[in-house]
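Undergrad: fold the following and give me the result.
(2 chains)
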Amino acid sequence: MSDNTTTSKTFSMPLGPVHVALEEPVYFHLTIEGETVRNVNLTSGHVHRGMEAMAAQRNFFKNQTLTERVCSLCSNSHSFTYCMAVENALGMSIPPRARYLRVVAEEIKRIASHLFNTAIQAHIIGFTSMFMHIMEVREIMQDVKETIYGNRMNLAANCIGGVKCDIDTELFSYLKKSLNTIEPMLRELEEIYLSDKMVIGRTKGLGILPKKDALELGVVGPVARGSGIVRDVRKDSPYAAYPDLDFKVISNEGCCVYSRVQIRFSELFESISLIRQCMERVPEGATITPIPHIPTGMATARTEAPRGEVFYYIRTNGTDVPERLKWRVPSYMNWEALGVMMKDCNVADVALITNTIDPCVSCTER
Amino acid sequence: MDIQNTSHEHLLSALKPLAKEQHIAQHTNDAFGNSFYWFQLDMPDNLLEAARSLHDAGARLAMISAYTKQQEAKRNKEVAYHFELGGVTYTLLVLLSDAFPDMPSITPLFRNADWHEREMMELYGVPVRNHPNPRRLFLDETLDAGLLGSIVPLSVMMNGACTKDLWERVMESKGTKENS
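TA: Numbering: from 1, shown residues only, chains lettered A, B, ... in the order given. This is a model prediction of the structure:
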C-alpha cells in the first residue's frame, strides 16, 4: 500500500474504524476516483492489548490461558501452537492419544470458523436468509464445543505436554452423530451458495490477488490457497496426528473472492473427514506427559489455524516465566494483500473484499 | 525431494560463512521430525547477504521478533528473523550493540517485512535503516518509538485521571495561548 496523495480527479475517503466488515476497528484511508478505489492505506492499533509484554510476566501455565485469548475464532490454534513452542523448547514429546485429541479440537474449531466467515460474507452481500441459515447450521458445531469442552469459544483443550480434556466413548458417539447431521446440511449450503447467481455476480472475479503478489506478500491460509499457492503447515511441517491422517490441501487458481469461499467450503469436508479418522484411529493411553526441567533455550512452532499459519517463538531462561514470547497471527500477513485486491474496485465492494481475508484485528494487534 | 535437499544444502553453505565462528549453525528437530536451523550472525550488515541467499532460494519470511537480551551485565537488543523453506524453519539472530545500533531493512527483498520492521521500530525502538515506508503501524505519530518498553510510574500515569491536574494544565496552556 503506497502513498495516498490525491490529485484533482481523486478525493480521499475515510472508512471505519468500526463496522467495515466486522465489529472490529480498522481505519481505511481510500483514494477514490468517481466510484473507484485507486489506492488503499490502513491504520490499525485501536485494540492493541500489550499481550506479548503480559506473556513475559506470567508463568508457562498462565500463558496457556492468555494465548487462548489472542483470538476468539482461532483461540484453540493459539494455545495449541504455544504449547508446541514450549514443548519444542523443553524437548518434550506428547502421548499419541493427545496428538489425536489435539487434531479433533483444532478441526472442530476450523469448521466453526469457516462457517462464520462464509456467513458474514452472505450478510455483506445482502443474502440475509443464507446468513441466518449458515449461522443456524454452525450452531451444531457450537453445541459440539460446549458439550465436549464446556465452552462455546475458548475450549481450553490444550495444555503443555498434552490435552486437558479426554474424550470418552459416549462423547465420541455424540460427535459422530453431530458430524453425520451437519455434513448433508453443509453439502446443501455449499451447493446453494456456490451456484447462486447473486453470490456469483458479486464475488466472481472480484478482489483479485494474482499468484505473484500472493507469493511476494507471503500471504497464508485460504488467501494463499485461493491464489493457487499450495501452502498448508499441516502438510509442509506435519505435527500432532496430521502425518498419520489422509487429507487434501485444497487450492484454487481463481485468485478472487469466490475462489476463497470455495476453498473454505471444501475445507469443511476435509475437516469432517479428519475428525472421523481421528475417532477411528485414536489409541488408548495417557493424555498428558509431565514437564521436565526448564532449560535455557529457544524454539519456534507453527500450525495451520483456520485463517492460515500461526507462528510462535519462545525464549526460556531456566525459570518458569518465558524471557520472550512472540507470535505472528495469519491476519498479520494478509492485511497488505487488501491493497492489491482493492485496487480499482468499487467503493461498495470494500467491505466484501475486507471480509475475504477473514480479518482479525484484535489478534493482529495483540 | 532431491531438488529440495540441494537447495537446503546450497542455502546452508551460503549462510554458514556469515555466522559467528563459535556458533556457526545449530540444528534442532521437534518431536515430529521437523527441522529448525539457527544462525547467530556476526554483525547486522551480514543480514542483507543472508536474507538475499534465503530470498534466492525461495524462502518465505514468516516473522521477525525483537527483544532485549541480557548478556552478563549488558542489556542489548536482539532481533530474530524467522524464514520458512520447504517446511524447514531458518532463524537468523542478530545482536545489536553500541558499535552496530541499527538494522538494515530487508523490505526491498521481502515485501512482507514491511509491517514487521515498522513494528520493530515503534514498539521495540529498534532503528531500521533504509525502510521504504517508515510510517507508524500501530502507535500514533505523537508517541515516542519504543515507548511501550519504558516503565511509567503509576502516579504519573494516573495524574490526569484521578486529580484535577490534567484539567488545570489544559486550562493553564489555554490561558497562556490566549495571553500570547
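
Undergrad: which SS class is the residue of chain A found nearest chain B?
TA: Distances between chain A and chain B by Cβ to the nearest Cβ are smallest at A:Gly45, namely 3.3 Å. Where C-beta positions appear, they are placed from N, C-alpha and C, glycine not excepted. Assigned with DSSP: H, G, I helix; E, B strand; the rest coil, A:Gly45 falls in the coil class.

Undergrad: so which helix or strand takes in the spatially closest residue to it that is not a sequence neighbour?
TA: Excluding its sequence neighbours, the residue lying closest to A:Gly45 (Cβ to Cβ, 6 or more residues apart in numbering or on different chains) is B:Phe138, at 3.3 Å. Per DSSP states H and E: B:Phe138 is located in neither a helix nor a strand.

Undergrad: mind listing what B:Phe138 touches?
TA: A:Ser44, A:Gly45, A:His48, A:Glu365, B:Glu119, B:Glu122, B:Leu123 (Cβ atoms under 8 Å, 6 or more residues apart in numbering or on different chains).

Undergrad: nearest to A:Val282 among the residues you listed?
TA: A:Glu365 (37.0 Å; Cβ to Cβ).

Undergrad: report the mean confidence score over stretch A:103-110.
TA: The average pLDDT within stretch A:103-110 is 94.

Undergrad: contacts made by that stretch with the rest, please.
TA: Under Cβ under 8 Å, 6+ apart, the answer for stretch A:103-110 is A:73-77, A:80, A:141, A:144-145, A:148-149, A:155, A:157-158, A:163, A:165, A:167, A:175, A:240-242, A:245, A:267, A:271-272, A:274-275, A:278-279, A:282, A:303, A:305-306.

Undergrad: what's the closest of the contacts of B:Phe138 to A:Ala56?
TA: Out of the contacts of B:Phe138, the member with the shortest distance to A:Ala56 (by Cβ to Cβ) is B:Leu123, at 13.3 Å.

Undergrad: which pLDDT value belongs to the residue in chain B that chain A sits nearest to?
TA: Using Cβ to the nearest Cβ, the single residue of chain B nearest to chain A is B:Phe138, 3.3 Å away. Predicted confidence (pLDDT) for B:Phe138: 81.

Undergrad: now the chain, which segments are flagged as low pLDDT?
TA: In the absence of a named chain, chain A is used. Across chain A, the ranges flagged by pLDDT under 70 are A:1-7, A:19-22.

Undergrad: my bad, chain B
TA: Using pLDDT under 70, the flagged stretches of chain B are B:1-6, B:21-25, B:155-163, B:176-180.

Undergrad: could you chop it up by domain?
TA: B:2-149, B:154-180 (automatic domain parsing).

Undergrad: got CSV for these, with distance to A:Asn180 too?
TA: Shown next, in CSV, are these (distance: least, Cβ to Cβ, whole Å):
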stretch, distance to A:Asn180
domain B:2-149, 31
domain B:154-180, 56
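
Undergrad: most tightly packed of those?
TA: Across the domains of chain B, averaging neighbours per residue (mean count of other Cβ atoms under 10 Å in any protein chain shown) puts domain B:2-149 on top, at a mean of 17.

Undergrad: which residue sits closest to A:Pro210, ignoring its sequence neighbours?
TA: Closest to A:Pro210 by Cβ to Cβ, 6+ apart is A:Cys255, at 5.9 Å.

Undergrad: tell me the phi and psi of that neighbour?
TA: phi 60, psi 10 (degrees, to the nearest 10).
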